[in-house]
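>>> next one to model:
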Amino acid sequence: MNFLLLNKKEAQAKKNRKMALQFLKDFRRKFNYRKDLLNESQVKQVLDYFQRFQSAINSSKNSNLEALVEDGEKLFHLLFPESKWAGWKENIEVLFVALVVALAIRAYFLQPFKIPTDSMKPTLYGIQVIERNEKPPNFIQRIVEFVLLGKSYHSLSLKKGGTLEKIEGGKFIFFEYSKLTFDSGEQSYLWTNPHLLEYKLGLRPGLSFEPKNHVLNFEVDTGDQVLVNKLIYHFRPPKRGEVIVFKTTGIEGIEANLRLQGIEGSQYYIKRCVGIWGDTLQIRPPFLLINGSATPPNQMMAKIESQKDGYQGYVILPNQQYLVDPTETYTVPPLCLWAMGDNSPDSLDSRFWGPVPMQNLVGSGFIVYWPFNKRWGIIR
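Presented below is the predicted three-dimensional model:
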């Protein structure tokens, strides 16, 4: 019986010691975090307490630990009184730190980027708008498909019909919508960008519609969302065959075209770097010759030239400004890159506006992080 009592006392002593050490650790953390708010006398009081506590811990007899913890709790609450807003303040501080970390990561390491067009298809997809005949699925299925696949469904029904007078865009919090006004006075809303309605579905003022259900019935698949590695090119130059993201600043062939569309300022483009400075290039469809060699520098460029799995090789298009026939060659200028889309028949790239200056480079395409489709993961 005495043996059992002894074991219980030892176990309780160990438990008390462990709790005391945890209290000391929490007190030290709070003190280090808030000591700039204390005066010299208060700081000395806390340091003296820590010294007494540490001496008790180092002693073979820990009988006074419980009393020391009680003294420490009184001192703790005296110096750091709990306010009714303490919980909110702590949560705000955590959110603020998380925001700062996220902004730092975006500024120096990884930047999110949305694929806007199909110029890199089928490696990367831009926004897809697909007309439908069936009714949209139920609400639960729509939520699941949006979260996993980035797919949204849209349907427009009209009671009066009439001629479309105007399409206006707007935003509610983070969500874009299109407001459609008809000459009958009827107004309808679609939760999608008006640009998609105009350029993907051909919807424009002047079109007339009968009053019926599902006048418009379509689904929108979001473009691939990628993370761009902004750090990699601080340590090495770009390689042939890598997917790159760059700004259009100073590339007049791009920005003049953007101005014609009413878009001012620079944009971000994503293409594949198929040539670096000093390379001499030549297009002999479906091949891109680099320095006279038809051997592609990596597997992805070989896949593009294979004309399989949705790839169509490198082609010559009407109105391109460079490499306009199979006999023409072009040498990439110093500190410049040659950028082309994997979907060569449907890509405005260096064939039209020339080389990309290295100073415009943002980084390398790293991963598709959403949606969770077959392209999710590392970008090749």
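>>> so residue 20 is in which element?
Using DSSP states H and E, residue 20 sits in helix 2-34.
>>> show me what secondary structure element comes after the least confident helix or strand in the chain by mean pLDDT.
Of all helical and strand segments in the chain, the minimum by mean pLDDT, DSSP states H and E falls on helix 86-108, at a mean of 67. Next along the chain after helix 86-108, taking DSSP H and E as the criterion, comes strand 110-114.
>>> list the strands paired with the helix or strand just after that following strand, with their directions.
For strand 110-114, the following helix or strand on the C-terminal side (DSSP H and E) is strand 128-131. Sheet pairing of strand 128-131 (DSSP bridges) gives strand 216-221 (antiparallel).
>>> got the angle for the helix or strand following the partner strand vs strand 110-114?
Proceeding N to C from strand 216-221, the next assigned helix or strand is strand 225-229, under DSSP H and E. Strand 225-229 and strand 110-114 are oriented at 150 degrees to each other (axes from the mean of the first three to the mean of the last three CA atoms, to 10 degrees).
>>> okay, the residue nearest to the spatial centre of the chain: pLDDT?
The C-alpha lying nearest the average C-alpha coordinate of the chain belongs to residue 112 (CA atoms, centre = their mean; 2.6 Å). pLDDT, residue 112: 89.
>>> hmm, it is touching residue 226, no?
Yes - taking CB atoms under 8 Å as the definition, residue 112 is a contact partner of residue 226 at 7.3 Å. Bear in mind the C-beta positions are built from the backbone N, C-alpha and C, glycine included.
>>> list residues touching both of the two?
Any residue near both residue 112 and residue 226 by CB atoms under 8 Å, 6 or more residues apart in numbering counts here, and that gives residue 369.
>>> shaky segments in the protein?
Along the chain, segments meeting pLDDT under 70 span 1-13, 60-63, 83-90, 93-94, 96-97, 100-108.
>>> hang on, the earlier thing: next one: the residue nearest to the centre of the chain from residue 271, what distance?
Between residue 112 and residue 271 the distance is 18 Å, computed by CB to CB, to the nearest Å.
>>> tell me which other helices or strands the one helix or strand residue 196 maps to touches.
Per DSSP H and E, residue 196 falls inside helix 194-199. Packing contacts for helix 194-199, counted by 3 or more CB pairs under 8 Å, 6 or more residues apart in numbering; DSSP states H and E, involve strand 162-172.
>>> partners of the strand it packs on, with directions?
strand 175-182 (antiparallel), strand 208-209 (antiparallel).
>>> got a list of contacts for that strand?
If you take CB under 8 Å, 6+ apart as the criterion, strand 162-172 is touched by 176-184, 186, 193-195, 197-198, 203-209.
>>> give the buried residues for it.
Going by neighbour count (16 or more other CB atoms under 10 Å), the buried part of strand 162-172 is 162, 164, 167.
>>> send the alpha carbons of that strand over as PDB?
This file holds the C-alpha atoms of strand 162-172, laid out as PDB (Å, rounded to 0.1, in the frame of the first residue of the first chain):
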ATOM      1  CA  GLY A 162     -37.600  41.500 -77.500                       C
ATOM      2  CA  THR A 163     -34.500  43.100 -79.000                       C
ATOM      3  CA  LEU A 164     -31.400  43.300 -76.900                       C
ATOM      4  CA  GLU A 165     -30.500  47.000 -76.400                       C
ATOM      5  CA  LYS A 166     -27.400  46.800 -74.200                       C
ATOM      6  CA  ILE A 167     -25.100  44.600 -72.100                       C
ATOM      7  CA  GLU A 168     -23.700  46.100 -69.000                       C
ATOM      8  CA  GLY A 169     -21.100  44.500 -66.700                       C
ATOM      9  CA  GLY A 170     -20.900  44.800 -62.900                       C
ATOM     10  CA  LYS A 171     -19.500  43.200 -59.800                       C
ATOM     11  CA  PHE A 172     -21.100  42.100 -56.500                       C
END
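>>> helix, strand, or coil at residue 71?
Taking DSSP: H, G, I helix; E, B strand; the rest coil as the rule, one finds residue 71 in the helix state.
>>> gap between the residue nearest to it when sequence neighbours are not counted and residue 32?
Excluding the flanking residues, the one nearest residue 71 by CB to CB, 6 or more residues apart in numbering is residue 49, at 7.1 Å. When distance is defined by CB to CB, residue 49 is 14 Å away from residue 32.
>>> neighbour count for the two, which is higher?
Neighbours were counted for residue 49 and for residue 32 using other CB atoms under 10 Å; residue 49 has more, 18 against 9.
>>> using CSV, lay out the strands paired with strand 162-172 together with distance to residue 379 and mean neighbour count.
Formatted as CSV, the strands paired with strand 162-172 follow (distance: least, CB to CB, whole Å; neighbours: other CB atoms under 10 Å):
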stretch, distance to residue 379, mean neighbour count
strand 175-182, 27, 17
strand 208-209, 42, 15
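>>> out of those strands, which gets nearest to residue 372?
Closest to residue 372 of those, according to CB to CB: strand 175-182, at 21.1 Å.
>>> what's the helix or strand following the closest one packed up against?
Counting by DSSP H and E, the element after strand 175-182 in chain order, helix or strand, is strand 187-190. Contacts defined by 3+ CB pairs under 8 Å, 6+ apart place strand 187-190 against strand 151-156, strand 175-182.
>>> hang on, the earlier thing: which one of the buried residues of strand 162-172 sits closest to residue 37?
Closest to residue 37, out of all of the buried residues of strand 162-172 and judged by CB to CB, is residue 167, at 57.0 Å.
>>> beta-bridge partners for the closest one, please?
Judged by DSSP bridges, the bridge partners of residue 167 are residue 180.
>>> excluding covalently adjacent residues, which one is nearest to residue 284?
Spatial nearest neighbour of residue 284, excluding adjacent residues (CB to CB, 6+ apart): residue 326 at 4.7 Å.
>>> with residue 288 instead?
residue 314 (4.4 Å).
>>> for the one you found, what are its contacts?
Here residue 314 is in contact with 283, 285-288, 304-305, 340, 344 (CB under 8 Å, 6+ apart).
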